[in-house]
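What shape does this take:
(one chain, ligands or ions: 2)
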Amino acid sequence: MADAKTPVMAGSETGKPGDAAPGQQPTRSAGSQPAYFSCWDIHAYYGESYIVQGVSFDIREGEIVALLGRNGAGKTSTLRAIARVDDPALKAGEIWLDHQALHSMKVSQAAQNGVGLVPEDRRIIAGLTVEENLKLAQIAPPIGWSIERVYDLFPRLGERRKQEGTTLSGGEQQMLAIGRTLARDVKLLLLDEPYEGLAPVIVQEIEKTLEQIKALGMTTIIVEQNAIAALHLADRAIILDMGQVVFDGTAQDVLDSAELRQQYLAI
Ligand SMILES: Nc1ncnc2c1ncn2[C@@H]1O[C@H](COP(=O)(O)OP(=O)(O)O)[C@@H](O)[C@H]1O
Ligand SMILES: [Mg+2]
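Ligands and ions are numbered 1, 2, ... in the order given. Sure, this is the predicted structure:
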């Protein structure tokens, strides 16, 4: 990918309108309230590879954003940077969630402060039952939903509570991965390709559940190759290309624009 412009270190003065003093959440325009979530000019690298190239966007509380773009556009890397996973390394920019500076946190602190990443590979822990996987999520505060509430949302998990998690079907493992995240106190849910590899009937089942989670007002970013499904769920859409934001608007705008979809989503 292209060389880095000289990125600005997190917390330093950048002189752009809307920048705040270090330690304070920036606002986009003078006088407006800071957004519930915002990432501001974030730059992230895998070693020397410059991947997330100055991504900025805001999310209102309760909003669902579809983060879209072709394979390799930088969607997973952006989610990982927000969740403060070590790789890619965040070298510049600010990330704020509910007045907390995520950019200066490590992954465990970001999780404690309400970032819930459901990774693409689901990471169900081998050797543990469904229920043990859920209980493990609650081993330390802050605790979110009760395990019974997770079973109410995903009755299949309740039926299989004594079954080893890794023996579940792909769809059930996705439910467990989402349930495990909700079992912690989540302010921002990050879903990385939740429908990947699943049969259409299971996709529909998970879509219904995500609609229920949406109705509860959970602030969410959903990354999906199945852009149409994600756009139906989402309020807003952000399209990434080559590690940069190329579109930020309503989900309906993308559904209505054949040009946008062809250019950046190949659908
Ligand atoms: N661990 C890694 N090390 C080096 N490069 C990586 C790594 N993971 C992803 N990349 C590169 O970063 C770019 C963006 O990848 P990714 O964020 O996974 O894209 P997306 O999720 O949009 O498909 C790609 O060019 C990919 O090859
Ligand atoms: Mg990805």
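
Following the chain onward from the longest helix seen in the chain, which element is next?
Ordering each helix of the chain by length in residues (DSSP state H) puts helix 200-215 first. Downstream of helix 200-215, the first helix or strand assigned by DSSP states H and E is strand 219-223.

Quickly run through the sheet partners of that following strand, with directions.
strand 64-68 (parallel), strand 188-192 (parallel) (DSSP bridges).

now the ones you listed in a markdown table, with mean pLDDT?
Compiled in a markdown table, the strands paired with strand 219-223 are given as follows (pLDDT from 0 to 100):
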| stretch | mean pLDDT |
| --- | --- |
| strand 64-68 | 98 |
| strand 188-192 | 98 |
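
can you redo those as TSV with mean neighbour count and distance to ligand 1?
To be clear about C-beta, it is placed using only N, CA and C from the backbone, and glycine gets the same treatment. Listed next are these as TSV, based on neighbours: other C-beta atoms under 10 Å; distance: least, C-beta to the nearest ligand atom, whole Å:
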stretch	mean neighbour count	distance to ligand 1
strand 64-68	26	9
strand 188-192	24	7
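
got JSON lines for those strands, with distance to Val130 too?
Formatted as JSON lines, the strands paired with strand 219-223 follow (distance: least, C-beta to C-beta, whole Å):
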{"stretch": "strand 64-68", "distance to Val130": "26"}
{"stretch": "strand 188-192", "distance to Val130": "19"}
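
what residue lies at the spatial centre of this structure?
Leu190 (2.3 Å; C-alpha atoms, centre = their mean).

Quick check: nearest residue in space to Lys162, chain neighbours excluded?
Thr129 (5.4 Å; C-beta to C-beta, 6 or more residues apart in numbering).

ok, now which ones touch the one you found?
161-165 (C-beta atoms under 8 Å, 6 or more residues apart in numbering).

In the chain, which residue sits nearest ligand 2?
Nearest to ligand 2 in the chain, going by C-beta to the ion, is Thr76, at a distance of 3.2 Å.

Excluding chain neighbours, what is closest to Ile143?
Spatial nearest neighbour of Ile143, chain neighbours left out: Asp185 (6.2 Å); criterion: C-beta to C-beta, 6+ apart.

related to what we said a few turns ago, other SSEs contacting the longest helix of the chain?
The contact analysis (3 or more C-beta pairs under 8 Å, 6 or more residues apart in numbering; DSSP states H and E) places helix 200-215 against helix 147-153, helix 170-182, strand 219-223, helix 227-233.

and the residue nearest to Lys162, backbone torsions?
Phi and psi for Thr129, reported as degrees, to the nearest 10, are phi -70, psi 170.

Find me the pLDDT at it, would you?
pLDDT for Thr129: 98.
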